[in-house]
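# one predicted model, sequence on top.
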Amino acid sequence: MINNQISIEIPQSVIDEVSQKLQECKTVLAPYLQALTAEQRMEIFKMGDKTVATVQKVKSYLDTNPEFAPAYMDTAEFAKDEAVVTALNPLENLARQLASDLSDTMMLAGSEAILSALLYYGSVKEAAAKGIPTATPVYEDLKARFTKRKAKQNPENS
């Protein structure tokens, strides 16, 4: 017996409303967001959790002690970049929490669903093996989805 850890039904109206609101968020932010390629993401100098506070502290010192800014530093662009990070950080945290909760819920429900599907398949397989005619087409249809696939052989090793 499967230990049922999740038993929910999300009304389609809730899914539709959330989808609409997420699309609205994406649309509102779209003019301000920038996408990077995988290569750009690997190559770019990154600011982590610890360096966010450092950048914010430098911004504070820049406001109170601008005489230490090098002439070649674009202080206006630095201030804009720091403001974007500070403004988007709480939104990213919320989005990550939502994404994590969505993923966990799907993983849990999916685990229970596939375990139940395996139970059903086992029952159909047994019924087909015992010659129950109505089980055979169901078993034949499901068999391909539940049969373990052999690892593909490397042509160089053949």
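Cool, the structure landed.
# which element is Asn3 on?
Using DSSP states H and E, Asn3 is not contained in any helix or strand.
# and it, how many neighbours?
The number of residues packed near Asn3 is 6, by other CB atoms under 10 Å. For the C-beta atoms, the positions are set from N, CA and C on the backbone; glycine is no exception.
# need the per-residue pLDDT for it.
For Asn3, the pLDDT comes out at 82.
# cool, and Val85?
92.
# report how many residues lie close to it.
16.
# residue contacts, Glu92?
Listed by CB atoms under 8 Å, 6 or more residues apart in numbering, Glu92 has no contact partners.
# so which strand or helix has it?
Counting by DSSP H and E, Glu92 is found in helix 75-129.
# could you do Ile15 as well?
Short version: Ile15 belongs to helix 12-29, going by DSSP H and E.
# quick check: next helix or strand after the helix holding Glu92?
helix 135-146.
# SS state for Glu9?
coil (DSSP: H, G, I helix; E, B strand; the rest coil).
# quick check: the residue of the chain positioned farthest from its centre vs Tyr139, distance?
Distance from the centre of the chain peaks at Gly131, with 45.0 Å (CA atoms, centre = their mean). Note on Gly131: its distance to Tyr139, by CB to CB, to the nearest Å, is 11 Å.
# for the strand or helix carrying Thr51, packing partners?
Assessed by DSSP H and E, Thr51 sits inside helix 49-64. Helices and strands touching helix 49-64, by 3 or more CB pairs under 8 Å, 6 or more residues apart in numbering; DSSP states H and E, are helix 75-129.
# now the helix it packs on and helix 49-64, what's the angle there?
For helix 75-129 against helix 49-64, the angle by axes from the mean of the first three to the mean of the last three CA atoms, to 10 degrees is 160 degrees.
# relative to helix 135-146, how tilted is helix 75-129?
150 degrees.
# off-centre distance for helix 75-129?
Here the centre of helix 75-129 is set off from its chain's centre by 5 Å, with CA atoms, centre = their mean, to the nearest Å.
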